[in-house]
Each structure stands twice: as C-alpha cells, then as structure tokens.
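[1] sequence and computational prediction follow.
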Amino acid sequence: QVQLVESGGGLVQAGGSLRLSCAASGRTFSGYAMGWFRQAPGKEREFVAATSWDGGTTNYADSVKGRFTISRDNAKNTVYLQMNSLKPEDTADYYCAARSRGGYRPETTGDFYEYWGQGTQVTVSS
C-alpha cells in the first residue's frame with residue numbers, strides 16, 4: 001500500500017507560482033510512476049503531468065507545457081509540481097497518483113494509477 005499526501009496549494013495571483021508536494025509512504029515509492037491530475041469545479045478530472053520512476057521520462061498536458069515542471073526525489077519519497085505563470089484556468093483541486101506497475105511509463109490516463117491522494121486546492125485569481 002502507498003499513501004499519498006499533497007501539500008502546497010493555496011491562493012495566488014495570475015502570473016504567480018506555486019510548488020505542490022506529494023509525500024508518499026511505502027518502501028517501494030522509488031519504483032512507481034507518479035502523476036499529477038486536477039479537477040476544476042463542474043469539470044472532469046484531467047491529466048497534468050507525470051514522471052517515470054527515475055524521473056527520466058516525463059509527460060505534460062499541452063495546457064501546462066512550458067509552465068509546469070514535475071520532479072521527484074526518491075530519497076525523500078516526494079514528487080513535486082512546480083507551477084509557474086499560473087492562469088485563472090489552472091484553478092482546481094490537484095491530486096497526485098502512483099502507479100506500481102510499469103513504473104517506467106508515465107501514463108497520462110488516470111485509470112492506470114492505483115493510489116491517489118486527497119488533493120490540494122489551487123486558486124488563481126485574475
């Protein structure tokens with residue numbers, strides 16, 4: 001079992017930055033692919049970014065490319081999402097997810113991930 005706890009959300013003005021963290025429990029975190037997803041009010045969950053188990057392969061949604069960066073520190077069992085140049089449309093609850101099988105593949109579909117955190121809220125004001 002893996003437990004995920006997100007932090008770092010908050011209220012920020014458009015153009016600002018936030019860094020989200022996702023702390024994972026469990027000894028096998030280093031072998032898992034990790035992803036970030038978000039869900040805005042009244043909308044479906046959408047993919048944001050994902051990284052392979054070693055950080056060597058990453059995927060990003062087109063809407064965040066060039067603004068968001070996913071990274072991980074396996075020694076700290078933590079994955080990060082650095083969000084720059086934030087826009088009001090980035091407002092959502094952000095969730096991290098872990099995938100135990102195929103850790104080398106940072107999948108963009110939520111169905112591939114078995115473990116999910118409770119989420120952290122990000123609000124970007126215009």
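    Okay, I see it. Residues are numbered from 1 along each chain as shown.
[2] tell me the phi and psi of the residue most central in space within the chain?
    Centroid check for the chain by Cα atoms, centre = their mean gives residue 36 as the closest residue, at 2.3 Å. The phi and psi values for residue 36, taken as degrees, to the nearest 10, are phi -120, psi 130.
[3] measure the nearest residue to it once chain neighbours are set aside to residue 107 for me?
    Excluding the flanking residues, the one nearest residue 36 by Cβ to Cβ, 6 or more residues apart in numbering is residue 48, at 4.3 Å. For every residue, glycine as well, the C-beta is placed using N, CA and C. Separation of residue 48 from residue 107 (Cβ to Cβ, to the nearest Å): 13 Å.
[4] have a look at the two and say which one is more surrounded.
    More crowded of residue 48 and residue 107, by other Cβ atoms under 10 Å: residue 48, with 25 against 17.
[5] check what pLDDT that one gets.
    For residue 48, the pLDDT comes out at 98.
[6] off-centre distance for stretch 15-25?
    8 Å (Cα atoms, centre = their mean, to the nearest Å).
[7] next, the buried residues of that stretch.
    18, 20, 21, 22, 23, 24 (16 or more other Cβ atoms under 10 Å).
[8] so the residue nearest to the centre of the chain touches residue 70, yeah?
    Yes - counting by Cβ atoms under 8 Å, residue 36 does reach residue 70; the two are 6.3 Å apart.
[9] quick one: low-confidence parts of the chain?
    The model of the chain has pLDDT under 70 over residues 27.
[10] what's the most distant pair in the buried residues of stretch 15-25?
    Across the buried residues of stretch 15-25, the longest distance by Cβ to Cβ is 19.6 Å; it joins 18 and 24.
[11] skipping its backbone neighbours, what lies nearest residue 55 in space?
    Nearest residue to residue 55 in three dimensions, chain neighbours excluded: residue 72, at 5.2 Å (Cβ to Cβ, 6+ apart).
[12] how about the strands of the protein, start to end?
    4-7, 10-13, 18-24, 33-39, 46-51, 58-60, 68-73, 78-83, 92-99, 115-116, 120-125 (DSSP state E).
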